[in-house]
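Asker: predicted structure and sequence below. I'll ask about it afterward.
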Amino acid sequence: AQSVTQPDARVTVSEGASLQLRCKYSYFGTPYLFWYVQYPRQGLQLLLKYYPGDPVVQGVNGFEAEFSKSNSSFHLRKASVHWSDWAVYFCAVSPGTGGYKVVFGSGTRLLVSP
Amino acid sequence: EAAVTQSPRSKVAVTGGKVTLSCHQTNNHDYMYWYRQDTGHGLRLIHYSYVADSTEKGDIPDGYKASRPSQENFSLILELASLSQTAVYFCASSDAIAGRDAEQFFGPGTRLTVL
């Protein structure tokens, strides 16, 4: 069965510094991968998505992620963090068909320090 | 603007009482989902639906029922609420096109507290 591991429950980054949030997946085959962001008291919003193709995908607000089949990873990156990025970030994996088969990670809480 | 809305946004219920959480979407999506979120955990799928008048069990359906009376509306029902059902509940919708059905659009959530 597919699974997602986000090894860091909490990450603190200084405003303006670069960011990497880690995501490791387990899936036999080529997965579809997603990063969602949850701002306080809100639902999840799609940040970016990977459909089989170019391994580097761009998202909103300067976020990007890179798919690595050899490392079974889909890490999220941003060059310069803004205070408004303070949120919880979820990685998710899917076989590509069957929305009910999406599996979410436990989330990484990003704290931005001044 | 297309959206997923949920009501109520928060609710306090008594143990053994009945709770109904409602979800409405204007995305014109065929697929709808109910998830629960517990502190420190990801989302877990309770029920989902591919079409009106039909629902399917997700990964943790025990203690929950679902109802999909129309394409736009999807309800989650707790017939006998229990303390363990205290959580935040999210509704989501997605397109029916293969490959796009994994891209889900979420409502703002309902915070349920069972006392």
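Answerer: In hand now; what should we look at? Since the model is a prediction, treat every value here as computed from it, not as a measurement.
Asker: so where's chain B shaky on pLDDT?
Answerer: B:1-2, B:98-99 (pLDDT under 70).
Asker: residues of it that sit close to chain A?
Answerer: Within reach of chain A by C-beta under 8 Å from any C-beta of the partner chain, chain B has these residues: B:4, B:31, B:33, B:40-43, B:45, B:48, B:56, B:58, B:90, B:92, B:94, B:98-99, B:101-109. All C-beta atoms are positioned from the backbone trio N, CA, C, and that covers glycine.
Asker: pull out the buried members of these.
Answerer: B:4, B:31, B:33, B:42-43, B:45, B:48, B:58, B:90, B:92, B:94, B:101-109 (16 or more other C-beta atoms under 10 Å in any protein chain shown).
Asker: for residue B:84, helix, strand, or coil?
Answerer: Following DSSP: H, G, I helix; E, B strand; the rest coil, residue B:84 is assigned to helix.
Asker: give the contact list for it.
Answerer: B:63, B:114 (C-beta atoms under 8 Å, 6 or more residues apart in numbering or on different chains).
Asker: same thing with residue B:35?
Answerer: B:43, B:44, B:45, B:46, B:89, B:90, B:91, B:92.
Asker: tell me the first helix or strand C-terminal of the helix or strand encompassing it.
Answerer: Per DSSP states H and E: residue B:35 is located in strand B:31-37. Using DSSP H and E, the next helix or strand after strand B:31-37 towards the C-terminus is strand B:43-51.
Asker: return the list of helices and strands in contact with that next one.
Answerer: strand B:31-37, strand B:54-57, strand B:65-67, strand B:73-78 (3 or more C-beta pairs under 8 Å, 6 or more residues apart in numbering or on different chains; DSSP states H and E).
Asker: that strand pairs with which strands, and in what direction?
Answerer: Sheet pairing of strand B:43-51 (DSSP bridges) gives strand B:31-37 (antiparallel), strand B:54-57 (antiparallel).
Asker: so can I have a markdown table of those showing distance to residue A:83?
Answerer: Shown next, in a markdown table, are the strands paired with strand B:43-51 (distance: least, C-beta to C-beta, whole Å):
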| stretch | distance to residue A:83 |
| --- | --- |
| strand B:31-37 | 24 |
| strand B:54-57 | 41 |
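Asker: re earlier: point out the most buried one among the helices and strands packed on strand B:43-51.
Answerer: Of all the helices and strands packed on strand B:43-51, strand B:31-37 has the most neighbours on average by mean count of other C-beta atoms under 10 Å in any protein chain shown, namely a mean of 25.
Asker: grab the most central residue of chain B for me.
Answerer: residue B:34 (2.6 Å; C-alpha atoms, centre = their mean).
Asker: so that residue makes contact with residue B:74?
Answerer: Yes. If you go by C-beta atoms under 8 Å, residue B:34 and residue B:74 touch, sitting 7.0 Å apart.
Asker: joint contacts of those two?
Answerer: Between them, residue B:34 and residue B:74 share the contacting residues B:23, B:66, B:91, judged by C-beta under 8 Å, 6+ apart.
Asker: from those, pick the one nearest residue A:103.
Answerer: Set against residue A:103, the nearest of the shared contacts of residue B:34 and residue B:74 by C-beta to C-beta is residue B:91 (18.1 Å).
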